[in-house]
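Chemist: My questions concern the predicted model and sequence given below.
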Amino acid sequence: MNNWIELLQEFKNKKKPVALVTVTKILGSAPCRIGSRMIVTPQKDFFGTIGGGKLEFQVIDEAVRSIRENKILECSYTLGPEFEQCCGGKVELIIEPMNQSQELYIFGAGHIGTAICQVLKDTPFSITLLDTRENWKETIEIDSAVNYSDTPFDLYKQTVNWGPNCYVVILTHDHKLDFEITALALHEQTKYIGLIGSKTKKNKFNNMLINELNFKAGISPVHCPIGLDLGGNSPKEIAISIASELLKAYYEK
């Protein structure tokens, strides 16, 4: 595969996770050569080849696992009866997950939302701060590394990079908008959903999700009230508690 760099750049531009498989060592006879490469998507689509056959199918499965676990894998295979081959050679390869940035979407650029951006600076998260209020960006200060968006709610389904590396924090100025974003996030794939609010708000949203949208799990998949119970109720302290919960989710502690 000669165009693997261009393909990786294309997937990166689209923010689509893939795995790059590279043959690093061959002993004896094998249906591939050192440096053979293959790119694999989470859906098991693949580009390039490492020789085909059962070996390739097994490596594709391992590549999907590499993407899912976000771990580099080093694999070694002896080409015998298990792979319906008799050449007896040995193939070693490395599988590297790519484009696994942790996408954090903060809905609501109020005091807490902007404070979260500050607290999580220089952490694994790529942050997008969203607010539907007109010209709201002119009223706040955020780091240049934070992507600000005034995209309307109707376009969130298309513009948010939903998936296993998507984190959602909901704390807008409007309870109706909070509910709409919560319902949308629950119907998409995410790593984490957090919602600011009281027990009354939580119970109300839970009933609406179950009774109006027939979402049987209700609010249970959502961290609400959001954040770890660290004490303190200033915007900065609340932001620290939310950031702590996000990092805990990221590191799976």
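Modeler: Received, thanks. Numbering: from 1, shown residues only.

Chemist: Output stretch 58-72 in PDB with nothing but the alpha carbons.
Modeler: Extracted as PDB, the C-alpha positions of stretch 58-72 are listed here (Å, rounded to 0.1, in the frame of the first residue of the first chain):
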ATOM      1  CA  GLN A  58      -7.400 -12.500  12.700                       C
ATOM      2  CA  VAL A  59      -5.300  -9.300  12.500                       C
ATOM      3  CA  ILE A  60      -8.300  -7.300  11.500                       C
ATOM      4  CA  ASP A  61     -10.100  -8.500  14.600                       C
ATOM      5  CA  GLU A  62      -7.000  -7.500  16.700                       C
ATOM      6  CA  ALA A  63      -6.900  -4.100  15.000                       C
ATOM      7  CA  VAL A  64     -10.600  -3.500  16.000                       C
ATOM      8  CA  ARG A  65      -9.600  -4.400  19.600                       C
ATOM      9  CA  SER A  66      -6.700  -2.000  19.400                       C
ATOM     10  CA  ILE A  67      -9.100   0.800  18.400                       C
ATOM     11  CA  ARG A  68     -11.600  -0.100  21.100                       C
ATOM     12  CA  GLU A  69      -9.100  -0.300  23.900                       C
ATOM     13  CA  ASN A  70      -6.900   2.500  22.500                       C
ATOM     14  CA  LYS A  71      -3.800   0.300  23.000                       C
ATOM     15  CA  ILE A  72      -0.800  -0.500  20.800                       C
END
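
Chemist: element containing E237?
Modeler: helix 235-251 (DSSP states H and E).

Chemist: Correction: the previous question concerned C75.
Modeler: For C75, the host element (DSSP H and E) is strand 73-78.

Chemist: Direction included, what does that strand pair up with?
Modeler: According to DSSP bridges, strand 73-78 has the following sheet partners: strand 90-98 (antiparallel).

Chemist: mind listing what the residue lying closest to L120 once chain neighbours are set aside touches?
Modeler: Leaving aside its chain neighbours, L120 sits nearest to A243 (5.2 Å; criterion: CB to CB, 6 or more residues apart in numbering). C-beta coordinates here come from the backbone N, C-alpha and C atoms, glycine included. If a contact means CB atoms under 8 Å, 6 or more residues apart in numbering, then A243 has 116, 119-120, 123 as its contacts.

Chemist: which residues touch the strand holding C75?
Modeler: By CB under 8 Å, 6+ apart, strand 73-78 touches 55, 58-59, 62, 65-66, 83, 88-95.

Chemist: Let's see it as CSV, backbone CA atoms only.
Modeler: The C-alpha trace of strand 73-78 is given here as CSV (Å, rounded to 0.1, in the frame of the first residue of the first chain):
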residue,chain,number,x,y,z
LEU,A,73,-0.6,-4.2,20.2
GLU,A,74,2.5,-6.3,19.2
CYS,A,75,1.5,-9.6,17.7
SER,A,76,3.4,-12.7,16.5
TYR,A,77,2.0,-15.5,14.4
THR,A,78,3.4,-18.8,13.2
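
Chemist: returning to what we had before: among the contacts of strand 73-78, show me the least confident.
Modeler: In this model, the minimum pLDDT among the contacts of strand 73-78 belongs to F83 (58).

Chemist: Could you count how many residues lie near L230?
Modeler: 12 (other CB atoms under 10 Å).
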